[in-house]
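Colleague: dropping a prediction and its sequence here:
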Amino acid sequence: MRVEEKTAHDVLVERERYVPRGIAASDLVVGRAWGAKIWDADGREYLDFGGGIACQNLGHGPAGVVRAIHEQVDRFLHQCFMVGVYEPYVEVCRRLDDLWPGEAATKSILVNSGAEAVENAVKIARSATGRAGVVVFDRAFHGRTNLTMAMTSKLVYKQGFGPLATDVYRAPAPYPYRGVSVEDALHGLDLLFKQDVDPQDVACFVLEPVQGEGGFIPMPEDFVQALKARCEKHGVLYVADEVQSGCGRTGTVWAIERLGVEPDLLVSGKTLGGGLPLAAVTGRAELMDAVHPGGLGGTFGGNPVSCAAAAAVLDELSAPGFRERAEQIARLLRTRLDEIASRQPIVGEVRGLGAMLALELAEPNATEAKRVVADARDRGLILLSCGLDGNVIRLLPPLSATDAELDKGLAILEDALGYDGAD
Ligand SMILES: Cc1ncc(COP(=O)(O)O)c(C=O)c1O
């Protein structure tokens, strides 16, 4: 029997039996998805403001991407780039170079997941600098592998999994809503350099331009620029982790384009594969070439079908009109969220960059956010929470959503928050 023919209940019972509890449980059983909508296995329709955690910036099943996948499936499925070179891999690297947020000539490697890409960025930075240290920031999320869980800053992702990787140092990041200013954060970094690690031993800073799992906190321009100045002073490389903030989410292809800094290395993933697993490290060619032949790679990294999808994704992201629509959506969401926040006392702050927007609830615990997410789900809207305290509700609707779909989703969010629209 195919999974789609079972009821949602049947699938959940089997999930309980065959899948370990370590993978956080959702009780949504997806039967079909298209555009900004998901239908569960029982045929119930939902608006999807979770977007597979930022993998669906172009919506479910974008026509050009699906066509490119079909065409590649008919040519060949797998090759292993180390055994036989193929055009789709090289094409994605060429397009990533075209879209590089700066002047440098770049090269890229393609891998399977965001975490694997972050690990590779660190390997490249270490190899290029001959230094071991990695500086990461409060509320960072970089993945669940051994190195990246040490770089990630939430206990649930590392509890019981030690020993953790060494030479990872954490500095504060600005969080104005909870009282951490740019000045405070930089002071913390300078203290780190006095107390814990000599900046001459640091290979790279790794920072999300908009912190994702940590609570959709946009990094202020002056903070990012001050980090870049320290990079230049101490010979440290700047790695932008754009796995969640990239691929058009904030309007520009990369969020860092809005911050006036050219990174040395940039990590992308999620929407890059349009729903297929693909992530990349792109960086200045001389840094990327610092690693000896054979030091990078992997069996499935840059799978031809994922690459065909990614080339189509990158085409769409750079097509005229994409950014304009993303910015329209950002304005629509921001206006409505500000309105809700002004009338709804449980909302503490509306923040984000472009269409990467969230509401932080005033109470620093997960209780209300869980209730709102569950209530919205009952009303037909999929939402995700995030933040160290689990009290941030993030919005990641497909940027292909219509105004009517966005309005409907926001109306459901208002209802779930308890706001009835009355003055
Ligand atoms: C900023 C950031 N970096 C890295 C990762 C890890 O990506 P993956 O889950 O594909 O390993 C994520 C995943 O959410 C992310 O948001």
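Modeller: Arrived safely.

Colleague: would you confirm that residue 91 belongs to a helix?
Modeller: Yes: assignment of residue 91 by DSSP: H, G, I helix; E, B strand; the rest coil places it within a helix.

Colleague: what residues does the chain have near the ligand?
Modeller: By C-beta under 6 Å from any ligand atom, the part of the chain that sits against the ligand consists of 53, 113-115, 118, 141-143, 208, 212-213, 241, 243-244, 269. Quick note: C-beta positions are derived from backbone N, CA and C, even for glycine.

Colleague: what about 5 Å?
Modeller: Residues of the chain lying close to the ligand (C-beta under 5 Å from any ligand atom) are 113-115, 142-143, 208, 212, 241, 243-244, 269.

Colleague: now neighbour count, secondary structure and pLDDT too, for those residues, in a markdown table please.
Modeller: Shown next, in a markdown table, are those (neighbours: other C-beta atoms under 10 Å; DSSP: H, G, I helix; E, B strand; the rest coil; pLDDT from 0 to 100):
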| residue | neighbour count | secondary structure | pLDDT |
| --- | --- | --- | --- |
| 113 | 20 | coil | 98 |
| 114 | 29 | helix | 98 |
| 115 | 24 | helix | 98 |
| 142 | 32 | coil | 98 |
| 143 | 23 | coil | 98 |
| 208 | 29 | coil | 98 |
| 212 | 28 | coil | 98 |
| 241 | 31 | strand | 98 |
| 243 | 27 | coil | 98 |
| 244 | 29 | coil | 98 |
| 269 | 28 | coil | 98 |
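
Colleague: what two of these are the furthest from one another?
Modeller: Looking at the residues of the chain next to the ligand by C-beta to C-beta, the two members farthest from one another are 113 and 208, with 15.8 Å of separation.

Colleague: buried residues, stretch 86-99. List them.
Modeller: By neighbour count on 16 or more other C-beta atoms under 10 Å, the buried set for stretch 86-99 is 86, 88-89, 92-96, 99.

Colleague: what sits up against that stretch?
Modeller: Residues external to stretch 86-99 that are found in contact with it (C-beta atoms under 8 Å, 6 or more residues apart in numbering): 72, 76, 79, 81, 105-108, 110, 253-254, 268, 278, 280, 282, 302, 304, 307-308, 310-311, 314-315, 317-318.

Colleague: likewise for stretch 407-415?
Modeller: When contacts are defined by C-beta under 8 Å, 6+ apart, stretch 407-415 is touched by residues 47, 49, 333, 336-337, 340, 344, 372, 375-376, 379-381, 383, 393, 395, 397, 401, 420-421.

Colleague: and the residues you listed, which of them are buried?
Modeller: 47, 49, 333, 336-337, 340, 344, 372, 375-376, 379, 381, 383, 393, 395, 397, 401.

Colleague: now, these that are in strands?
Modeller: 47, 381, 393, 395 (DSSP state E).

Colleague: distance between the helix or strand of the chain with the lowest mean pLDDT and the chain's centre?
Modeller: Among the helices and strands of the chain, helix 51-54 carries the lowest confidence by mean pLDDT, DSSP states H and E, at a mean of 92. Computed by C-alpha atoms, centre = their mean, to the nearest Å, the separation of helix 51-54 from the middle of its chain amounts to 8 Å.

Colleague: thinking again about what came up before, and which of the residues of the chain next to the ligand is nearest to the ligand?
Modeller: Each of the residues of the chain next to the ligand was scored against the ligand by C-beta to the nearest ligand atom, and residue 114 proved nearest at 2.2 Å.

Colleague: show me what contacts the closest one?
Modeller: 142-143, 241, 243-244, 267, 269-270, 279.

Colleague: and the residue lying closest to residue 100 once chain neighbours are set aside, how close does it get to the ligand?
Modeller: Closest residue to residue 100 apart from its sequence neighbours, by C-beta to C-beta, 6 or more residues apart in numbering: residue 106 at 4.9 Å. Using C-beta to the nearest ligand atom, to the nearest Å, one gets 19 Å for the distance from residue 106 to the ligand.

Colleague: now do the phi/psi pair for residue 106.
Modeller: Note on residue 106: backbone dihedrals following degrees, to the nearest 10 are phi -120, psi 160.

Colleague: what's the burial count for it?
Modeller: Residue crowding around residue 106 was assessed by other C-beta atoms under 10 Å; the count is 22.

Colleague: before we move on, what about residue 83?
Modeller: Going by other C-beta under 10 Å, the residues that sit close to residue 83 add up to 8.

Colleague: host element of it?
Modeller: Under DSSP states H and E, no helix or strand contains residue 83.

Colleague: show me which residues of the helix or strand hosting residue 415 are buried.
Modeller: Following DSSP H and E, one finds residue 415 within helix 403-417. With burial defined by 16+ other C-beta under 10 Å, the residues of helix 403-417 counted as buried are 405-406, 408-410, 412-417.

Colleague: how about a markdown table for those, with distance to residue 171 and pLDDT added?
Modeller: Conversion of the buried residues of helix 403-417 to a markdown table gives the following (distance: C-beta to C-beta, whole Å; pLDDT from 0 to 100):
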| residue | distance to residue 171 | pLDDT |
| --- | --- | --- |
| 405 | 40 | 98 |
| 406 | 37 | 98 |
| 408 | 42 | 98 |
| 409 | 36 | 98 |
| 410 | 36 | 97 |
| 412 | 39 | 97 |
| 413 | 34 | 97 |
| 414 | 38 | 94 |
| 415 | 40 | 94 |
| 416 | 36 | 95 |
| 417 | 34 | 94 |
